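Visitor: no sequence on this one, just coordinates:
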DNA sequence: AGAAATTTGTCCGTATGTATC
DNA sequence: AGATACATACGGACAAATTTC
């Protein structure tokens, strides 16, 4: 098969399948995922594609990989990563004002993410910033 | 050339070189990096290797890539990402106590990262958690 | 509007290096 | 030392998004 990635790319499909197994407890926390070779056979995918899938899970913090050892499940099975994400507008307190070199009371955007794991909160992440785009705007549909 | 990655992998070398150019202003903010094809020619590397290098820069938040368009520099050239990282022990206030379902005053680890960009603070990230490892411990040097 | 060219995205197969078991 | 498993690298091919003409 060439490279038809109509709906979803294959690596995302594979990542999703692995994610499901982890969330459903088929692969428990701390356990090893199948080796890259095994995944190649199971999904009939190339090594690169399998590694792309694992990289995606790694970015989500779901697994961790060690050379010569394998890829391990990092987080709990059920109730995984409910990652509530909230955006709020808050006013800078003293410490934030100092960090940004702005006046106390200036409006900031707070993004709070709460990672849960089996009902228990694992981590609270709060980031503060002003605003700003990411990429330059698209070219206007020409003349 | 086969695959000798003694000191540094090639993709890291390429990423480092590009990073330098960005930090030194040779490629200014918002500007396009050379295309993947151009980088292949310049570094005499395969497409995959070049893309690995770009992925590394992307993970650092240094650049952003758009399909069909190219890879753009995201952050300021000089004084980049001073990413001060501090760890502190703090006591849970009301909101953190609620998030973790613990008592107010319980000790938590706060990791604060401040991303700067040309002297100006861009983002303040604070994460709170208890503790815990990442990977299962290595096997003892066997029987 | 539409076709062509450009550029990134995905995927395959293979080979060799390095770490761990 | 040998087997296993992940890391790096090459080359080729087709798909999809964007820009250019």
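Guide: Alright, I've got the coordinates. Since the model is a prediction, treat every value here as computed from it, not as a measurement.
Visitor: Quickly list the domain ranges of chain A.
Guide: Split into domains by automatic domain parsing, chain A comes to A:10-77, A:80-130.
Visitor: so how far is the first one off the chain centroid?
Guide: This means domain A:10-77. Domain A:10-77 has its C-alpha centroid displaced from the chain centroid by 13 Å (Cα atoms, centre = their mean, to the nearest Å).
Visitor: Over to the last one?
Guide: Between the mean C-alpha point of domain A:80-130 and the mean C-alpha point of its chain there is a distance of 18 Å (Cα atoms, centre = their mean).
Visitor: Helices along chain A, start to end?
Guide: Using DSSP state H, the helices of chain A run over A:10-23, A:36-43, A:47-59, A:94-100.
Visitor: Who does residue A:73 form a beta bridge with?
Guide: In this entry, residue A:73 is beta-bridged to residue A:63, by DSSP bridges.
Visitor: and residue A:54, what does it touch?
Guide: Residue A:54 makes contact with A:15, A:18, A:33, A:36, A:63, A:65, A:71 under the criterion Cβ atoms under 8 Å, 6 or more residues apart in numbering or on different chains. All C-beta atoms are positioned from the backbone trio N, CA, C, and that covers glycine.
Visitor: how near is the fifth one to DNA strand C?
Guide: With distances defined as Cβ to the nearest atom of the strand, to the nearest Å, the gap from residue A:63 to DNA strand C amounts to 16 Å.
Visitor: Isn't that residue up against residue A:31?
Guide: No - if you go by Cβ atoms under 8 Å, residue A:63 and residue A:31 don't touch, sitting 10.1 Å apart.
Visitor: pLDDT below threshold where in chain A?
Guide: Across chain A, the ranges flagged by pLDDT under 70 are A:1-6, A:75-84, A:117-118, A:131-134, A:139-143.
Visitor: Need the residue closest to the centroid of it.
Guide: In chain A, the residue lying closest to the centroid (Cα atoms, centre = their mean) is residue A:60, at 2.7 Å.
Visitor: and chain A, which of its residues are near chain B?
Guide: For chain A, the contact set with chain B under Cβ under 8 Å from any Cβ of the partner chain comprises A:30, A:48, A:64, A:66, A:72, A:74, A:96, A:99-101, A:114, A:120-129, A:134-136.
Visitor: re earlier: okay, residue A:63 and residue A:31: which has more neighbours?
Guide: Set residue A:63 next to residue A:31 and count neighbours by other Cβ atoms under 10 Å in any protein chain shown: residue A:63 wins out with 24 against 14.
Visitor: The closest residue to residue A:30 other than its chain neighbours: how many residues sit nearby?
Guide: For residue A:30, ignoring the flanking residues on the chain, the nearest one in space by Cβ to Cβ, 6 or more residues apart in numbering or on different chains is residue B:136 at 5.5 Å. For residue B:136, the neighbour count with other Cβ under 10 Å is 16.
Visitor: cool, and residue A:55?
Guide: Using other Cβ under 10 Å: residue A:55 sits among 15 other residues.
Visitor: cool, residue A:50 as well?
Guide: By other Cβ under 10 Å, 25 other residues sit near residue A:50.
Visitor: Leaving out the residues flanking it, which one is nearest to it?
Guide: residue A:39 (4.5 Å).
Visitor: Double-check the one you found against residue A:45; I have them as touching.
Guide: Yes - counting by Cβ under 8 Å, residue A:39 touches residue A:45, with 7.2 Å between them.
Visitor: Need the overlap of contacts for the two.
Guide: residue A:14.
Visitor: right, and residue A:104 touches residue A:90 too?
Guide: No - taking Cβ under 8 Å as the definition, residue A:104 is not a contact partner of residue A:90, at 11.8 Å.
Visitor: one step back: possible to save the helices of chain A as TSV with distance to residue B:25?
Guide: Listed next are the helices of chain A as TSV, based on distance: least, Cβ to Cβ, whole Å:
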stretch	distance to residue B:25
helix A:10-23	36
helix A:36-43	41
helix A:47-59	30
helix A:94-100	24
